[in-house]
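Colleague: got a sequence here, can you model it:
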Amino acid sequence: MAQAAVGDTVHLHYTGKLKDGTEFGTSRGQDPLQFKIGENTIIPKLETSVVGMAIGDTATVEIAAADGYGPRQPEAIETVDRSALPGEVELVVGNQLQAQTQDGHTLIVTIIAVDEATVTLDGNHPLAGEDLTFEIELVEIAAAG
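Modeller: Just a heads-up that it's a prediction; the model follows:
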């Protein structure tokens, strides 16, 4: 039976959970996650855990915060004047916005506080600082060619 190897494109179903068991994402009921092993497009430990799996194999992969989305960075939280944001932006706690960094990169920020004069934005990934557990099932291997 074929086993997933570096260079293969694989399709896997996953369910991601926080340490307390809260589910934060799943591909069940949707198209499976697809990626090429070795291109580093997903969390490295999750990617390497697929190597050697065969179609139908399942695994539970635990990823410490430092190996996932990293620790929360206090410097990624910034309070700005409401006037610095476009008027059409809905300023609701939990909403996500796209921002441009000074070097032209796009950054997703989450509104974490709003008052009459200011808005506090969090540039941390929503899963930063969290230990993660992924339950995965390999559903397809497209061998490197």
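
Colleague: in this protein, which spans are helices?
Modeller: For the chain, helices defined by DSSP state H occupy the ranges 44-50.

Colleague: quick check: domain ranges of it?
Modeller: 9-69+127-142, 74-122 (automatic domain parsing).

Colleague: between these, which one is nearest to Gln3?
Modeller: When the domains of the chain are ranked by proximity to Gln3, the top entry is domain 9-69+127-142, at 5.2 Å, counting by C-beta to C-beta. Backbone N, C-alpha and C define where each C-beta goes, glycine included.

Colleague: start and end of that closest one, how far apart?
Modeller: Counting by C-alpha to C-alpha, to the nearest Å, the length from the leading to the trailing residue of domain 9-69+127-142 is 5 Å.

Colleague: show me the contacts for Leu33.
Modeller: With contacts defined as C-beta atoms under 8 Å, 6 or more residues apart in numbering, the neighbours of Leu33 are 11-14, 27, 42.

Colleague: this completes my enquiry, with thanks.
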